[in-house]
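S.K.: Let me see the structure of the following:
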Amino acid sequence: MHDTIRIIRDEHAALAAMLRSILLLLSEHRHRKTLPDFASLRAMLFYVDEFPEKRHHRKESELLFPKLRARTPMSRELLDRLDDDHERGERKIRNVEHALLAFEMLGESRREQFEAAMERYVDFYLSHMALEEREILPLAERVLTQEDWDNLDSAFRANRDGLAGAEPEEEYRQLFTRIVNRVPAPIGLGPALQAG
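M.R.: The predicted structure is shown next:
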């Protein structure tokens, strides 16, 4: 398997785990009738905004997709849709972050609104990643040349996600540690939630 494919799949898996962890955490707090640790949620959403939205998508939209467009007219509409998803994803994460702020500032009356926004975002993102893995990655394996893969693999290896197993850049190391250590067990390493 080419490094590019492996890195994309690893980063998708890390992001899916983060998104599902947020939903599990919210469900657990709702069940216990407790408020979540807003600092942990902010850190998790910051990660989603910072790495996948600003870096992972750029690798796909600026490196992989142009090579596919140059090699085949197949799936151009799909690539346009995925690029559009990347652009809309940034707006969608802002809406989720705003809904979280409203929940934190205004309390219980905004819990349902935040949870609904979070669920919509997770559904959107998981569908987007599944489409890339089901349609785009197999297409890339069929049509890209070895030179294309050499260039892509080099670029993708140079810009990897610490939560997907790569050594994080110094500026992200503290963020990763904070998320893992603050989020309650069994999702993270923090203290388990107490009965509400």
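
S.K.: before we move on, which element is Leu152 in?
M.R.: helix 146-157 (DSSP states H and E).

S.K.: right, and the helix or strand after the helix or strand harbouring Ala102?
M.R.: Counting by DSSP H and E, the element that carries Ala102 is helix 76-106. Scanning forward in sequence from helix 76-106 by DSSP H and E, the next helix or strand is helix 111-131.

S.K.: circling back: output the contacting helices and strands for the helix holding Leu152.
M.R.: Using 3 or more Cβ pairs under 8 Å, 6 or more residues apart in numbering; DSSP states H and E as the contact test, the elements touching helix 146-157 are helix 3-32, helix 65-71. Just so you know, the C-beta spots here come from the backbone N, C-alpha and C atoms, and that holds for glycine as well.

S.K.: What mean pLDDT does the shortest one get?
M.R.: Read that as helix 65-71. Across helix 65-71, pLDDT averages out at 94.

S.K.: distance between it and the chain's centre?
M.R.: Its chain's C-alpha centre and that of helix 65-71 lie 23 Å apart, by Cα atoms, centre = their mean, to the nearest Å.

S.K.: Kindly report the same for stretch 90-104.
M.R.: Centroid separation between stretch 90-104 and its chain, computed with Cα atoms, centre = their mean, is 15 Å.

S.K.: Report the buried residues of it.
M.R.: Judged by neighbour count (16 or more other Cβ atoms under 10 Å), stretch 90-104 contains these buried residues: 92-93, 96-97, 99-100, 102-104.

S.K.: With stretch 59-77 instead?
M.R.: Buried, per 16+ other Cβ under 10 Å, within stretch 59-77: 59-61, 63-65, 67-68, 75.

S.K.: Pro73 - that's part of a strand, no?
M.R.: No: using DSSP: H, G, I helix; E, B strand; the rest coil, the assignment for Pro73 is coil, not a strand.

S.K.: Quick check: the nearest residue to Glu119 once chain neighbours are set aside vs Glu112, distance?
M.R.: With sequence-adjacent residues excluded and distances taken as Cβ to Cβ, 6 or more residues apart in numbering, Glu119 is closest to Leu23, at 6.8 Å. Noted for Leu23: a distance of 14 Å to Glu112, by Cβ to Cβ, to the nearest Å.

S.K.: what does Arg178 give?
M.R.: 27 Å.

S.K.: Between those two, tell me which one has more neighbours.
M.R.: Neighbours per residue (other Cβ atoms under 10 Å) separate Arg178 from Glu112, with Arg178 holding more: 17 against 12.

S.K.: Report the secondary structure state of that one.
M.R.: Going by three-state DSSP: Arg178 is helix.

S.K.: from now on call the first residue 51
M.R.: Shifting the count to begin at 51 puts that one at Arg228.

S.K.: wait, it sits on Ala93?
M.R.: Yes: under the contact definition of Cβ atoms under 8 Å, Arg228 touches Ala93, with a separation of 5.4 Å.

S.K.: still on that earlier bit, turn the buried residues of stretch 140-154 into CSV, including distance to Gln196 and pLDDT.
M.R.: Formatted as CSV, these follow (distance: Cβ to Cβ, whole Å; pLDDT from 0 to 100):
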residue, distance to Gln196, pLDDT
Lys142, 37, 93
Ile143, 36, 93
Val146, 40, 97
Glu147, 42, 96
Ala149, 46, 98
Leu150, 45, 97
Ala152, 51, 97
Phe153, 50, 97
Glu154, 51, 97
